[in-house]
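Q: the following block contains a protein sequence and its predicted model.
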Amino acid sequence: MAHTLNFKPDGDLSTIQPEEGAPAPDRLMAGDPKFTSWNLEEAAGGLYAGIWQSTPGKWRVEYDEWEYFNILEGHSILTVDGGEPIHLKAGDRQIIRPGFKGTWEVVETTRKDYVVRL
């Protein structure tokens with residue numbers, strides 16, 4: 001096993017089987033968002049890394065996990081309950097800690113790379 005993993009977020013993902021999804025119906029607030037995830041790494045201890053994309057829509061989110069992400073393209077708005085909206089565009093980076101509750105709104109189809117620790 002190699003000790004490094006080099007990937008280009010805008011590179012060819014055709015060799016990776018994507019996972020398709022959507023928000024749970026009880027969390028959906030607007031639109032018909034569709035998710036596509038390309039999981040590039042899954043390591044012991046609940047560590048995941050990859051690329052995620054969503055079409056426009058808005059839904060409730062609750063994080064039990066820790067996540068770092070980098071927006072590659074698009075426009076999303078992340079809002080913690082009772083807080084101000086955070087507009088996310090290409091080049092923006094964010095850490096979401098366990099216990100976060102709020103909404104994720106995709107204004108323009110958004111793609112991000114991520115690292116999640118359960």
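A: Yep, that arrived.

Q: bridging residues for the most centrally placed residue in the chain?
A: Computing the C-alpha centroid of the chain and ranking residues by Cα atoms, centre = their mean puts residue 52 first, at 5.1 Å. In this entry, residue 52 is beta-bridged to residue 37, residue 112, by DSSP bridges.

Q: show me what contacts it?
A: Residue 52 makes contact with 35-38, 69, 111-114 under the criterion Cβ atoms under 8 Å, 6 or more residues apart in numbering. In this view, the C-beta of every residue, glycine as well, is placed from N, C-alpha and C.

Q: mind listing what's buried in stretch 87-99?
A: Judged by neighbour count (16 or more other Cβ atoms under 10 Å), stretch 87-99 contains these buried residues: 88, 92, 96.

Q: returning to what we had before: turn the contacts of residue 52 into CSV, including distance to residue 12, neighbour count and pLDDT.
A: Below are the contacts of residue 52 laid out as CSV (distance: Cβ to Cβ, whole Å; neighbours: other Cβ atoms under 10 Å; pLDDT from 0 to 100):
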residue, distance to residue 12, neighbour count, pLDDT
35, 20, 16, 98
36, 15, 15, 97
37, 16, 17, 97
38, 11, 19, 94
69, 21, 20, 98
111, 14, 19, 97
112, 18, 24, 97
113, 15, 19, 95
114, 19, 18, 97
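
Q: so residue 13 is in contact with residue 39, correct?
A: No. Residue 13 is beyond contact range of residue 39, at 10.6 Å (criterion: Cβ atoms under 8 Å).

Q: which one of the contacts of residue 52 sits closest to residue 84?
A: Nearest to residue 84, judged by Cβ to Cβ, of the contacts of residue 52 is residue 69 at 19.0 Å.
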